[in-house]
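Engineer: build me a structure from this.
(one chain, ligands or ions: 1)
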Amino acid sequence: MNSVIRQAAFRRNFSSNSIVNGFTGAVGNTPLIYLKGLSEKTGVHVYGKAEFQNPGGSVKDRAALGVVLDAEERGLLKAGGTVVEGTAGNTGIGLAHVCRARGYKCVIYMPNTQSQEKIDLLKMLGADVRPVPAVAYENPANYNHQARDYAKDLPNAIWTDQFDNTANANAHYTSTGPEIWEQTQGELDGFICATGTGGTLAGVGKYLKEKSRGKTQVWLADPPGSVLTSYISSGGKLTERSGSSITEGIGQGRITNNLGTFINDVSGAFTVSDDKSIRMLYELLDSEGLYMGASSALNVVAAVELGLKLGKGSKVATILCDGAYRYQSRLFSRQWLESKDLLNGIPSELQKYIVL
Ligand code: PMP
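Structural biologist: Next comes the predicted model:
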């Protein structure tokens, strides 16, 4: 693929309703949603980038497309080749879509603890799914290492390596960041989001900081069990992971290459409890009509908190990573919420949404 089409894949005119070229042409160019009810209630202007509107359903479509286009451009992947990744979530779904659209085989290694729905979805998207024993990252049998080793021995194959391949952050630097900048016309006091690979935060953060000449503050939000808040607050001390969260796809135990490109420019970080995230998930549904996954809800809690730090009337943007559809059997189940001790934190008037 030449660079003209690559640009076209990521740099389109927001105001046009033009026809786009296939799945990859439909990635990006998502709306920026002003969260009106929440903004009126809190006195902070909160904007959510509607990444759930990507054609594969999540923010990871951009990274998936970015790493594949980068491998093509560098001559590492040619027609009929194979894309290999170790992933249990949205990246695999994004890659499976991109591979179908561009004629590649897609091999996904994942821990064998994952739900049947996820395995089925990836298979329906044409991926070769390989469940392997769920062992720690330090163990060579970990799904990430198995993905890397399989790709290494296969001709015309790449291991996309979403955590450490900076084509991931670059996809956000060349698409998500510019889109948010144009949509807010540069009038943005803060940007904050949680990180998994760090691609979104690093790519968007770097672009916004550069364009605003440091005026837009970029913060990191963490779920419980992630080490990044303490890393940033302590000026670079890495601690052991402890604790866990109901959020999926976010939280980290190390500084990935993607995050490493930007972490020294992060203005600050804080942790958001599961209690606050789940409550926001129901509030977003009730006041905005948005049916969001837990990482999006965490991001919105964090955006409000950052806005309050920056002052009433400030403008803060964050990421609405994906919808609740992939998690609804848990997030909307009374029994599951009770088992996680989260039911009582949901105001009684919002409990009408708990129908499972
Ligand atoms: N939210 C969800 C639901 C995700 O799947 C991911 C990716 N793991 C993220 C947020 C974080 O995105 P990134 O990998 O760019 O840090």
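Engineer: for the rest of this, base every contact and every neighbour count on C-alpha atoms.
Structural biologist: Fine.
Engineer: who are the packing partners of the helix or strand hosting A147?
Structural biologist: Using DSSP states H and E, A147 sits in helix 143-152. Contact analysis of helix 143-152 by 3 or more Cα pairs under 8 Å, 6 or more residues apart in numbering; DSSP states H and E lists strand 82-86, strand 105-111, strand 157-159 as its packing neighbours.
Engineer: quickly note the distance from the nearest residue to V20 once chain neighbours are set aside to D61.
Structural biologist: Excluding the flanking residues, the one nearest V20 by Cα to Cα, 6 or more residues apart in numbering is A26, at 6.1 Å. A26 sits 10 Å away from D61, going by Cα to Cα, to the nearest Å.
Engineer: which one's more surrounded, the two?
Structural biologist: Comparing A26 with D61 by neighbour count (other Cα atoms under 10 Å), the higher total belongs to D61, at 29 against 18.
Engineer: so for the residue lying closest to that one once chain neighbours are set aside, what's the pLDDT?
Structural biologist: Leaving out its chain neighbours, the residue that sits closest to D61 by Cα to Cα, 6+ apart is G94, at 4.6 Å. Note on G94: pLDDT of 98.
Engineer: how many residues are close by the residue nearest to Y327 when sequence neighbours are not counted?
Structural biologist: Once flanking residues are discounted, Y327 sits nearest to G293: 6.9 Å by Cα to Cα, 6+ apart. Using other Cα under 10 Å, G293 is surrounded by 24 other residues.
Engineer: what's the answer for the one 3 residues further on, then?
Structural biologist: Neighbourhood size, S296 [other Cα under 10 Å]: 30.
Engineer: got phi/psi on F262?
Structural biologist: phi -140, psi -20 (degrees, to the nearest 10).
Engineer: and for it, nearest residue in space, chain neighbours not counted?
Structural biologist: A202 (5.2 Å).
Engineer: so that neighbour sits against A167, correct?
Structural biologist: No: with contact defined as Cα atoms under 8 Å, A202 does not reach A167; the gap is 11.3 Å.
Engineer: returning to that earlier point: show the contacting residues for the residue nearest to Y327.
Structural biologist: G293 makes contact with L281, C321, D322, G323, A324, Y325, R326, Y327, according to Cα atoms under 8 Å, 6 or more residues apart in numbering.
Engineer: flag every residue of the stretch 51-200 of the chain that's near the ligand.
Structural biologist: G89, N90, T195, G196, T197, G198, G199, T200 (Cα under 6 Å from any ligand atom).
Engineer: which one's the longest helix in the protein?
Structural biologist: Longest helix in the chain by number of residues, with DSSP state H as the criterion: helix 294-310.
Engineer: related to what we said a few turns ago, common neighbours of A26 and D61, please.
Structural biologist: Joint contacts of A26 and D61 (Cα under 8 Å, 6+ apart) are N54, P55.
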